[in-house]
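Asker: My questions concern the predicted model and sequence given below.
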Amino acid sequence: MHDQQDDRGIPLGVIASISILVLAAAGGGSWWAWRSQQSSSVTTTTPKSSTPKSSQTIQPTTEKPSTKEKIQVYWLNDVDNQIVLSPSSIPLNNKTLNKGEILESAFNSLLAGPTNGTFTTTIPQGTKLRGVSLKNDGVHVDLSQEFTVGGGSSSMSGRLAQIVYTASSLDPNTQVWIEVDGKQLEVLGGEGLMLDQPLTRQDVNQNFPL
């Protein structure tokens, strides 16, 4: 009778042991599931790198320099029976020039004479530019001896005005020094125009009217 009861039943100790193992396994699975969920949650909520996006650099717009720079030279013109100075724009070569080279181009055009029949000049034909330079005290213009030849006081005043105004075309307030064959000019022409150098446009207007 006793043996028969043992064969039909499972001892209570064995059942208890199995229950503990099942609960442990279930608890372990739940723990791993919870850890996986937490890990996933941390991964998805980790803030992205706060490295700022590279900002686009906006280059300032600048106008391209004109390839046809101009400078003014001064001629004489008869307006209502009165001689006046008349500026004329002379185009320069399509290259970068410094101020000395710009003035040199202007004087070469001036000494070559006007191409417009409306204008005239009192600078004697054959006058050559020996040099032009910008110094701390103003613009120095060195001309050949022909500049002093021929003409009366009106002619001398006219050519003097042409030189001074053309030399100061880059800056109207520039002081101008006139030299002939490398020497500072003190008296101009047979009429004996006394030059107190340096000269400005204001000096020409006041002391050597056309």
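Answerer: On my side now, so go ahead. Numbers count the residues shown, from 1 in each chain.

Asker: helices and strands around the helix or strand that contains residue 101, which ones?
Answerer: Assessed by DSSP states H and E, residue 101 sits inside helix 99-112. Here helix 99-112 touches strand 70-79, strand 82-91, strand 129-135, helix 153-167, going by 3 or more CB pairs under 8 Å, 6 or more residues apart in numbering; DSSP states H and E. Bear in mind the C-beta positions are built from the backbone N, C-alpha and C, glycine included.

Asker: Make JSON lines out of those and add mean pLDDT and mean neighbour count.
Answerer: Putting the helices and strands packed on helix 99-112 into JSON lines (pLDDT from 0 to 100; neighbours: other CB atoms under 10 Å) gives the following:
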{"stretch": "strand 70-79", "mean pLDDT": "92", "mean neighbour count": "18"}
{"stretch": "strand 82-91", "mean pLDDT": "91", "mean neighbour count": "15"}
{"stretch": "strand 129-135", "mean pLDDT": "95", "mean neighbour count": "15"}
{"stretch": "helix 153-167", "mean pLDDT": "95", "mean neighbour count": "22"}
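
Asker: Residue 198 is nearest to which of these?
Answerer: helix 153-167 (9.4 Å; CB to CB).

Asker: After the closest one, which helix or strand is next? Please name it.
Answerer: strand 176-180.

Asker: ok, now how distant is residue 78 from residue 129?
Answerer: The spacing between residue 78 and residue 129, counted by CB to CB, to the nearest Å, is 26 Å.

Asker: If you could redo that for residue 201, that was the one I meant.
Answerer: Distance from residue 201 to residue 129, counting by CB to CB: 20 Å.

Asker: so who does residue 77 touch?
Answerer: By CB atoms under 8 Å, 6 or more residues apart in numbering, residue 77 lies in contact with 83, 84, 85, 86, 118, 119, 120.

Asker: What is the nearest of those to residue 185?
Answerer: residue 85 (19.9 Å).
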